[in-house]
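A.B. asks: Using only what follows, build the 3D model:
(2 chains)
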Amino acid sequence: MMILILLIVLIAGFACGRLGLLGFLAPIESDAVIYVLYAMVFAISIGIGAQYRDGEGERLSAKALLYSIATIAGSLLAAVLMSLLLPVSAKDALICASGMGWYSLSTGLVYTYSPSLSVATFVYCVSREVLSIFIMPLLIKKFRRPEVVAVGGTATIQSSVACAAVTGDNTIVLYGLLVGTVISMLVPVLISFFIGI
Amino acid sequence: MKILLIYIIIMGAGIALGYRSRFSSKSRSRDLFQKACLLIILFLLGHQLGANEEVANSMTSMGLTGLVLCLAAMAGSFLVVLLLRMALEGRKSARSGEEDAR
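C.D. replies: Predicted coordinates for the structure are as follows:
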């Protein structure tokens, strides 16, 4: 039910944007999203701290780093396979997939290589961010955190927050932040590497 | 990276506050606050996407390529990490059920 509400709210926002309604939001919405996210992360963190105090918190292992690398490997492998079906070369697919959901950085980096590919990268990253918000809360009911968080790429913070809001499992936010941080650090390296080859 | 650093600082501050204070680990008011924040974020995100002509116009050409790559990459990451976890922890834990989600 919560997922349906989230979807309706997203569509309502998109419709308002297309119809030019609530135009006064445009100058402030980028900042507003970040500040609301800060408030939300802070509230969730209080819950996490209380869980650790009560002995309910979970320890993060070095496996998380391995899962972060596997997340990137899975995305790149899938991109190479899809390049056989799509009108892009394997190199372009790898560059695009290396964005991992970080559209603000990767779109700009890819633009210097190919403006048209930067559009694909932008859509790839935004789609990954938005879709993971809806897919992760569904997957967390059947699967464990490593594979669920892998879906989000660098966008694990927002989508983990959505998971926490839907399932009440706040520890996934801490895990998502760790994995998201590791992947984020590798995004500029990967894009530069694949552009260079 | 600056935003990521701010997230880490905010999380650290929140965790320290929750650990030191007497806040309950399960709070209905905090859950409601989190849900309200998520709805605001999604509405604003949808509004941004809807108002962006570049996004709307590119959906049919390179946008479709980006979307297909996105779905494939999400599935690829999911499968590779799932297989890795199964290899590390054993097949029995491939599906955790609800106990791990909570």
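A.B. asks: For the lowest-mean-pLDDT helix or strand in chain A, buried residues please.
C.D. replies: Ranked by mean pLDDT, DSSP states H and E, the weakest helix or strand in chain A is helix A:103-111, scoring a mean of 73. Buried residues in helix A:103-111, defined by neighbour count with 16 or more other C-beta atoms under 10 Å in any protein chain shown: A:103, A:105-107, A:109-110. For the C-beta atoms, the positions are set from N, CA and C on the backbone; glycine is no exception.
A.B. asks: ok, is that helix in contact with chain B or not?
C.D. replies: No. Among the residues of helix A:103-111, none lie within reach of chain B under C-beta under 8 Å from any C-beta of the partner chain; the closest is 8.7 Å away.
A.B. asks: name the helices or strands packed onto that helix?
C.D. replies: For helix A:103-111, the packing partners by 3 or more C-beta pairs under 8 Å, 6 or more residues apart in numbering or on different chains; DSSP states H and E come out as helix A:115-139, helix A:171-196.
A.B. asks: Mind doing that once more with 10 Å?
C.D. replies: Helix A:103-111 is packed against helix A:90-97, helix A:115-139, helix A:171-196, with contacts defined by 3 or more C-beta pairs under 10 Å, 6 or more residues apart in numbering or on different chains; DSSP states H and E.
A.B. asks: Select, out of those helices, the one closest to chain B.
C.D. replies: helix A:115-139 (3.2 Å; C-beta to the nearest C-beta).
A.B. asks: next one: the helix or strand just after the closest one to chain centre, how far?
C.D. replies: Remark: after helix A:115-139, the chain's next helix or strand is helix A:145-150, criterion DSSP states H and E. The chain centroid and the centroid of helix A:145-150 are separated by 12 Å, computed with C-alpha atoms, centre = their mean, to the nearest Å.
A.B. asks: do the same with stretch B:36-56
C.D. replies: The chain centroid and the centroid of stretch B:36-56 are separated by 16 Å under C-alpha atoms, centre = their mean.
A.B. asks: and of the buried residues of helix A:103-111, the nearest to chain B?
C.D. replies: residue A:105 (8.7 Å).
A.B. asks: isn't that closest one right up against residue A:184?
C.D. replies: Yes. Counting by C-beta atoms under 10 Å, residue A:184 is a contact partner of residue A:105 at 8.4 Å.
A.B. asks: Next up, identify which helix or strand the residue nearest in space to the middle of chain B is on.
C.D. replies: Nearest residue to the geometric centre of chain B (C-alpha atoms, centre = their mean): residue B:38, 11.0 Å. Secondary structure assignment for residue B:38, by DSSP H and E: helix B:28-51.
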